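>>> model this:
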Amino acid sequence: MITTHNLGFPRIGAQRELKHALEAYWRGEIDASTLESNGRRLRECHWRLQRDAGIDWIPVGDFSWYDQVLDMSALLGVVPARFGWQGGSVERDLYFRMARGRAPTGEPAKACEMTKWFDTNYHYIVPEFTRDQKFVLSSETLFEQVREAHELGFKVKPVILGPLSYLWLGKTREADFDKLDLLDELLPAYGEILRRLENMGVTWVQIDEPILVLDLPASYRSAFETCYNRLQGGKLKRLLATYFGALEDNLSLACQLPVDGLHIDAVRAPEQVDQVATWLPDYKVLSVGLVDGRNIWRTDLDAALERLVPLAERREQLWLAPSCSLLHVPVDLDEETGLDPEIKHWLAFAKQKLDEVNLLRQGLEQADDPTVQMALAASREAVAARRASPRIHRPEVHQRCQSIEENMYQRAHPYAERAPLQRQWLQLPLYPTTTIGSFPQTPEIRRLRREYKQGRVNEQEYVAQIRAEIARTVQRQHELGLDVLVHGEAERNDMVEYFGEQLEGFAFTGNGWVQSYGSRCVKPPIIYGDVSRPRPMTVDWICYAQSLTDKPMKGMLTGPVTLLNWSFVRDDQPRAQTCEQIALALRDEVQDLEGAGIKVIQIDEAALREGLPLRQAQWQHYLQWAVRAFRLCASGVVDDTQIHTHMCYSEFNDIIEAIAAMDADVITIETSRSQMELLDVFERFQYPNEIGPGVYDIHSPNVPSVDDMVQLMRKAAQHIPAERLWVNPDCGLKTRAWPEVEQALHNMVVAARRLREESGRQSAA
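Numbering: from 1, shown residues only. Here you go, the predicted structure:
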C-alpha cells in the first residue's frame, strides 16, 4: 500500500482569515480568546480539507501565529534577554514582541532579526543564541494542537524543525563562540519533545532538516550522526524531511542516519530519486515529493507515474507527498472565479496539489479504475493544452532578445566619473535623506483602488483622487525635510503585481495569497508566457509628483530579478531567459522616465539574494545572468542620471562582489535589525559606490529614536566614507500608519542633521 502525507499547509486561510484575526488582535479589536477561537476554526478547516483530499498523515505544528522558526524558539525557551523574560511559559504577547517589537501587553523592545527562509520569499525570525544558552520547554502550543487534532479524530504527524537546522538558522553576537557547541545542551530538550509526543499517542513525527541540501561544513556533517544517534529510543517513528534541493554530498549521510524514513524533493532534484532509492535501506520509508510545493503549475502526472512505477516495485514502504510544505502556494484554485479559464486550467494550488498526490497513489494502486483513468486523462489534457497554447510564445519578443548587444549592459562611464556630474545637479547635503518608495496605504486608498477595479469609480475620479494623495505625500515629505522625494506609490497594490498587470505575459489571481511574514501576505503574479511592455507604466504618476516640487523626485520601479523571483514563473524555459525579457521591458520604462525629466530612478532588486542557488557551485551562473539583467534595464541612461537599487532582508556579505557589479550609483539595504552587521563585509571589500544602510526597521511598529539612528550611522561611517552614505528606512512604508511614519522620519531627518554637524566639527578640527 502507498501512503500519502503532507509536509505542511498554508496557515493564512483561503480568505486570509489568520491575517485579519492577527491584525485585529494587535489593534486591540479582539481579545486573546477570540484570536484563539479563530485559530482553532482555521486549523480544523485545514485538517479536514487535507483528510478529504485523501491524505493519510496530516501535519500538525505547521500552523503558526507568526513563524515556525519563532515557534521553535518559544518551545525551547530561546528568548533574548532584552525582552525581560524570567522563565516559565512564553506567552503569546511575548512571542509577538519577539517578532514585531510590540504586542498588546508588555514593554516594547527591539524585534528579533528577520531574514529569508532558504531561497523563498518567506521570512523567518532568526533565533539569537548566547554562549550560556539554556534550552527548556517553554510553550505548550505544539502539544495543545496535537491534542486538539486527536480529539477531532485526525491521524496526525507532528512537524518540528530539526535541531541542526535550528542551530544553523540562528545567530550569536558573541565572538569566538560556535553555536554548534550548543548541541549538547539542545538535544535533551528535543528528546523531551519526542517523549511527550510519544506519550500522547503519536506514532510518526516529521523532523525537518532542510540544511541537508546545503554545502555543510564537516562539523555539521559529523554532528548529524551524533545528533540522531542520541535521539534514538522509544516507539515514535521519525521521518527526516529534506526539501528545496538535492542531497548531493550529504546523500549517503542522510540515508544512513538512524531514522525511520527520509523525504526528498523530486521536483527540484529529480536526479536524486534513484540514488536515494539505492542507498536508503529497504526497511526505511522513502517519501518522494513529485508534486511541486513551490509553483502553481499542474503536475505532469503521466511523467510522475513513469518515475513512480519502478520505484513502487523496488520499495515496500513508499510515501507520496508534495515536494515541500505548501506554505509557498495559495490555498485553493476554486476561489479564482475571475481568472482566465484557459490559464486556470493549467494551475494547481495547495488543495489541488493534495488531490494530485492522492491521484498519483490511485494511479499506482488502481490504474484500471475508470474514474482514475478519467482523472488522469483530464490532467493529461490540461498539460498538453498548456504546451500547445499560442499565447505563450511571441516571436517579436524572442527577436528582440536575440538583438541585444554587449554595450547595452554597460553605463557609458564608470561610477567615479558619473558621481561628480550627479552631485553637481543634485546639490545634496552630506548624509542625504530619502525613503525606499512607498508611504502608508490607508484604508481609503485601498478602497479607492478596489472600487476603481470594480468599475464603481470612473478613471477621471480615480486619477484625481490618486493625484491628491500624491500631493499630500509630497507635501508631508517637504514638511519633514527629506532631501530626495518619492511619490508614495498610492496607485500600487503591490510592488510586483502593479508592474505585472501592465506587462504582457503575466496573469493575476483574485485570491492567490501567500504568506511572506507574520500577517503580511502577497499575491504573486503568474508568468505564463513571453514578456513585453505595451506602454509606459509609471511615467505619468512620477512626472506629476515631480511637478509639485523643486527637489529631486525618484522614479520607482521593481527590478527584473525581483519581478521574476516574486512571481510564479513558467517552467518551460530557463528562468534566465524570462528574466532577460523582463529586463528589456523595464529598460524601455527607465528610458521613458529619463526622457520625461526624471533623473533619479530606483530599480528595486529586493529578491536578488533570495534567488541565489543553495549550492555554491551554482552561484556564479545565477549571479551572472541576474546581474546582467539588472544592468540591461539600468544602463541605457546618461551619466548624470542616478540609478538607485534596494535590497530587502537577506544575507548579502557572501555576494557583495556581485552587488557591486550591478553598478548602481546608490544601493539601500536593511541593517537596522541586524545592528549594521551587514556592513562588516566592508572591512574586507571596498564597496565602490554609494550606500544607504537602513536605520528604521519598518517591520516593527516601534519608532526608533534619534540617538539609535545616529549610533547606527556612526557604525556605517566606520566602513563607508561619509560622502557616500545616505540615510533611509530599511524598506517601504506601505504597511505602517502615518503617525508612526511621520515621527520616525522626523527622527531620521534630525539624526542626519546631527551627523552633518558632527562631520562639520570634525572637518573644522
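>>> roughly how far apart are the residue nearest to the spatial centre of the chain and Val637?
For the chain, Asn121 is the residue whose C-alpha lies nearest the centre (C-alpha atoms, centre = their mean; 1.5 Å). Here the distance between Asn121 and Val637 works out to 29 Å (C-beta to C-beta, to the nearest Å). For every residue, glycine as well, the C-beta is placed using N, CA and C.
>>> select the longest helix from this protein.
The residue-count maximum for a helix in the chain (DSSP state H) belongs to helix 738-764.
>>> who are the contact partners of the closest residue to Asp369 other than its chain neighbours?
By the measure of C-beta to C-beta, 6 or more residues apart in numbering, the closest residue to Asp369 outside its immediate chain neighbours is Gln362, 6.9 Å from it. When contacts are counted by C-beta atoms under 8 Å, 6 or more residues apart in numbering, Gln362 touches 369, 372, 375.
>>> of the residues you listed, buried ones?
372, 375 (16 or more other C-beta atoms under 10 Å).
>>> for the contacts of Gln362, which one is nearest Gly87?
Ala375 (54.2 Å; C-beta to C-beta).
>>> tell me the helices and strands packed up against the helix or strand hosting the closest one.
Ala375 belongs to helix 370-388 when assigned by DSSP states H and E. Applying 3 or more C-beta pairs under 8 Å, 6 or more residues apart in numbering; DSSP states H and E, one finds that helix 370-388 contacts helix 301-314, helix 350-365.
>>> let me see the mean pLDDT of the helix or strand just after that helix.
Going down the chain from helix 370-388, the next helix or strand is helix 395-402, by DSSP H and E. Across helix 395-402, the average pLDDT comes to 96.
>>> which helices and strands sit right next to helix 395-402?
By 3+ C-beta pairs under 8 Å, 6+ apart, helix 395-402 packs against strand 526-532, helix 575-595.
>>> what residues of the helix holding Ala375 count as buried?
372, 375-376, 379, 382-383, 386.
>>> now Asp639. Nearest residue, chain neighbours left out?
Using C-beta to C-beta, 6+ apart, the closest residue to Asp639 is Arg418 (4.4 Å).
>>> element containing the one you found, please.
Assigned by DSSP H and E, Arg418 falls in helix 415-426.
>>> mind listing the helices for the stretch 601-750 of the chain?
619-634, 656-661, 706-717, 738-764 (DSSP state H, counting those that start in this stretch).
>>> out of those, flag the one nearest Arg446.
helix 738-764 (14.2 Å).
>>> could you give the angle of the closest one to helix 706-717?
50 degrees (axes from the mean of the first three to the mean of the last three C-alpha atoms, to 10 degrees).
>>> how near is Lys110 to Cys45?
From Lys110 to Cys45 the distance is 36 Å (C-beta to C-beta).
>>> what about the two, which has more around it?
Neighbours were counted for Lys110 and for Cys45 using other C-beta atoms under 10 Å; Lys110 has more, 19 against 15.
>>> quick one: secondary structure of the more buried one?
Following DSSP: H, G, I helix; E, B strand; the rest coil, Lys110 is assigned to coil.
>>> that one and Leu22, how far apart?
To Leu22, Lys110 is 21 Å away according to C-beta to C-beta.
>>> again, but for Arg418
46 Å.
>>> before we move on, the earlier item: could you save the contacts of Gln362 as a markdown table and add columns showing distance to Gly233 and pLDDT?
What follows is these, written out as a markdown table (distance: C-beta to C-beta, whole Å; pLDDT from 0 to 100):
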| residue | distance to Gly233 | pLDDT |
| --- | --- | --- |
| Asp369 | 42 | 95 |
| Val372 | 41 | 95 |
| Ala375 | 43 | 95 |
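>>> pick the one among the contacts of Gln362 closest to Lys171.
Ala375 (47.5 Å).
>>> and for the nearest residue to that closest one once chain neighbours are set aside, the neighbour number?
Leaving aside its chain neighbours, Ala375 sits nearest to Leu359 (5.6 Å; criterion: C-beta to C-beta, 6+ apart). Neighbourhood size, Leu359 [other C-beta under 10 Å]: 24.
>>> residues near the residue lying closest to Glu504 once chain neighbours are set aside, how many?
In space, Glu504 comes closest to Ser532 once its chain neighbours are excluded; the distance is 4.7 Å by C-beta to C-beta, 6+ apart. Neighbours of Ser532 under the rule other C-beta under 10 Å: 17.
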